[in-house]
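[1] the sequence and its predicted three-dimensional model are supplied below.
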Amino acid sequence: MANESARNAGTNDGKNQSPMAVLVDAEVDGARYLLVRMPKPERQGPPKHALSLRSPSNSADGPPSERRHRFGDLRRVLVAEGDSDARLRLLHLLREWGFYVVVATDGIEALGFVELQQPPDLFFINRSLAGMNGIELCGRICDRFSEHPPHIVMMGRPTGRQVVVESLESGATEYLTTPFDEQELRARLIVAVRALDRRDYLISSREQFRDQATRDALTGVLNRRGILEILQRDLEGAERNGRSTGILMLDLDHFKNVNDAHGHLAGDLVLQETARRLCRKLRAHDCLGRYGGEEFLIVVPATNERELCELAERIRTSTESEPIPTGQINFRITFSIGAAIAKPGDRSKAKVIAVADEALYEAKKLGRNRIVFGQ
């Protein structure tokens with residue numbers, strides 16, 4: 001057994017060059033033992049992560065003293081400063097403390113960074129910038145980020161109280177007198193990073209709650225509220241781009257029989273699998289929601305009558321031909337589908353839903369497992 005263990009431990013596939021186990025013939029107090037000496041495990045270094053502009057894993061790298069020193073955690077900072085000496089000093093300190101820094105020498109250049117897809121979290125703005133002064137630039141930044149304003153530090157020479165008041169009223173978070181003290185700047189930045197971390201946490205929590213509020217707990221697709229919000233948004237967008245929006249109202253035929261004959265657990269499994277299959281049939285920009293009970297609503301943006309009916313037929317035929325297994329029973333299900341088109345400029349979701357619902361009722365009346373296009 002020991003020999004077998006030693007052979008297994010010593011196996012080398014040519015890729016893993018770890019030390020082999022060694023058999024040792026030893027004598028202790030007159031008795032002989034065959035021992036297996038195992039190699040000491042090698043210490044593995046930390047995994048190499050791709051560098052991102054801001055990743056929580058980055059802050060965990062390095063010894064504690066270094067992490068405390070580089071507290072910026074690669075947050076993006078814009079330094080808008082016309083004076084080269086002050087700009088370079090601030091740039092050096094911010095990079096040393098772990099921030100990702102971009103610089104601008106005037107207000108117009110700084111405004112360009114505001115429009116980036118990933119704008120800065122922190123702004124250092126000199127009040128006396130050329131092109132666009134700091135007060136105006138600060139106001140433009142706050143207008144751009146009205147929901148989640150960034151942390152803005154206005155900088156300037158020692159002046160009266162009125163200048164500080166004017167800076168704060170324009171949207172700045174704080175006012176920093178120049179030339180600044182390095183320790184004071186560092187302390188202010190630590191406080192700013194804490195505030196931004198709390199902001200990000202609150203935003204993330206709010207988005208999670210919003211997602212939970214618009215998701216159907218059983219199927220995981222959008223619930224009635226969520227799909228109606230998507231429909232309203234697409235109707236408003238269609239008005240701008242001149243494209244029609246289509247909707248499909250789907251109802252599982254005779255679904256009540258599944259619940260009555262096999263129980264609600266079987267019915268839940270059918271609904272869950274149906275939702276998964278519907279998601280696989282849709283395009284990336286189509287949206288699916290559970291409208292209620294066994295009814296589903298699909299929003300199809302930028303479409304026409306022919307494309308909408310082709311999509312509905314693909315869904316109907318694939319659903320009919322693929323029974324759903326639940327335990328020892330395979331359920332063959334079908335859909336009755338009502339289709340409708342909202343023309344560009346028609347922003348009433350109630351109207352287009354009423355047309356699709358009436359078409360769905362007609363499909364059921366004609367025998368189910370069919371599509372009716374509403375007019």
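    Cool, the structure landed.
[2] burial count for the residue nearest to residue 330 when sequence neighbours are not counted?
    For residue 330, ignoring the flanking residues on the chain, the nearest one in space by Cβ to Cβ, 6 or more residues apart in numbering is residue 323 at 4.0 Å. The way it works is simple: take the backbone N, C-alpha and C, and place the C-beta from them, glycine included. The local packing of residue 323 (other Cβ atoms under 10 Å) involves 12 other residues.
[3] same question, the one 5 residues further on
    Using other Cβ under 10 Å, the number of residues around residue 328 comes to 5.
[4] how about the contacts made by it?
    With contacts taken as Cβ atoms under 8 Å, 6 or more residues apart in numbering, residue 328 has no neighbouring residues.
[5] what residue spans form the domains of the protein?
    2-37, 59-206, 224-373 (automatic domain parsing).
[6] want to try TSV for these, with distance to residue 215 and mean pLDDT as columns?
    As requested, the domains of the chain are exported to TSV (distance: least, Cβ to Cβ, whole Å; pLDDT from 0 to 100):
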stretch	distance to residue 215	mean pLDDT
domain 2-37	45	45
domain 59-206	15	86
domain 224-373	7	92
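[7] quick check: residue 71 touching residue 97?
    Yes - here residue 71 reaches residue 97: they are 6.2 Å apart, a contact under Cβ atoms under 8 Å.
[8] now do the shared contacts for those two.
    residue 189.
[9] go through the chain and flag its longest helix.
    helix 182-213 (DSSP state H).
[10] quick check: end-to-end length of stretch 125-141?
    11 Å (Cα to Cα, to the nearest Å).
[11] mind listing what's buried in that stretch?
    Of the residues in stretch 125-141, those buried by neighbour count under the rule 16 or more other Cβ atoms under 10 Å are 125, 126, 127, 129, 131, 132, 133, 134, 135, 137, 138, 141.
[12] kindly report the same for stretch 164-180.
    If you call a residue buried by 16+ other Cβ under 10 Å, then stretch 164-180 has these buried ones: 164, 166, 167, 170, 171, 172, 173, 175, 176, 180.
[13] grab the nearest non-local neighbour of the first one.
    Spelled out, it's residue 164. residue 175 (4.7 Å).
[14] and the one you found, that's in a helix?
    No - under DSSP: H, G, I helix; E, B strand; the rest coil, residue 175 falls outside any helix and is assigned strand.
[15] quick one: mark the members of the buried residues of stretch 125-141 that sit in strands.
    Using DSSP state E, the members of the buried residues of stretch 125-141 that fall in strands are 125, 126.
[16] beta-bridge partners for the residue nearest to residue 262 when sequence neighbours are not counted, please?
    Using Cβ to Cβ, 6+ apart and skipping the chain neighbours, the partner closest in space to residue 262 is residue 329 (6.6 Å). With beta bridges defined as DSSP bridges, residue 329 has these partners: residue 326.
[17] ok, residue 329 - how many residues close by?
    Residue 329 is flanked by 13 other residues according to other Cβ under 10 Å.
[18] look up how far residue 188 lies from it.
    As judged by Cβ to Cβ, to the nearest Å, residue 329 and residue 188 stand 67 Å apart.
[19] with residue 104 instead?
    Taken as Cβ to Cβ, the span from residue 104 to residue 188 is 20 Å.
[20] between those two, which one's more packed in?
    residue 104 (23 against 17).
[21] show me the contacts for that one.
    Taking Cβ under 8 Å, 6+ apart, one finds 78, 79, 80, 81, 110, 112, 113 in contact with residue 104.
[22] farthest-separated two in these?
    Maximum pairwise distance in the contacts of residue 104, criterion Cβ to Cβ, is 15.5 Å, between 81 and 112.
[23] which one's more surrounded, those two?
    Neighbour tally, residue 81 and residue 112, criterion other Cβ under 10 Å: the higher count belongs to residue 81, 26 against 9.
[24] thought the more buried one was touching residue 106?
    No - assessed by Cβ under 8 Å, residue 81 is found out of contact with residue 106, at 9.6 Å.
[25] which neighbours do these two have in common?
    residue 129.
[26] and residue 285, how close does it get to residue 229?
    15 Å.
[27] more crowded one of these two?
    Neighbour tally, residue 285 and residue 229, criterion other Cβ under 10 Å: the higher count belongs to residue 229, 15 against 10.
[28] which helices and strands sit right next to the helix or strand encompassing residue 337?
    Using DSSP states H and E, residue 337 falls within strand 335-342. Where contact means 3 or more Cβ pairs under 8 Å, 6 or more residues apart in numbering; DSSP states H and E, strand 335-342 is packed against strand 245-252, helix 305-321, helix 349-365, strand 371-373.
[29] most tightly packed of the ones you listed?
    Mean neighbour count (mean count of other Cβ atoms under 10 Å) peaks for strand 245-252 among those, with a mean of 26.
[30] work out the gap between that strand and the centre of the chain.
    27 Å (Cα atoms, centre = their mean, to the nearest Å).
[31] angle of it against helix 349-365?
    40 degrees (axes from the mean of the first three to the mean of the last three Cα atoms, to 10 degrees).
[32] and the following helix or strand past strand 245-252, what's buried?
    For strand 245-252, the following helix or strand on the C-terminal side (DSSP H and E) is helix 255-262. Buried residues in helix 255-262, defined by neighbour count with 16+ other Cβ under 10 Å: 255, 258, 262.
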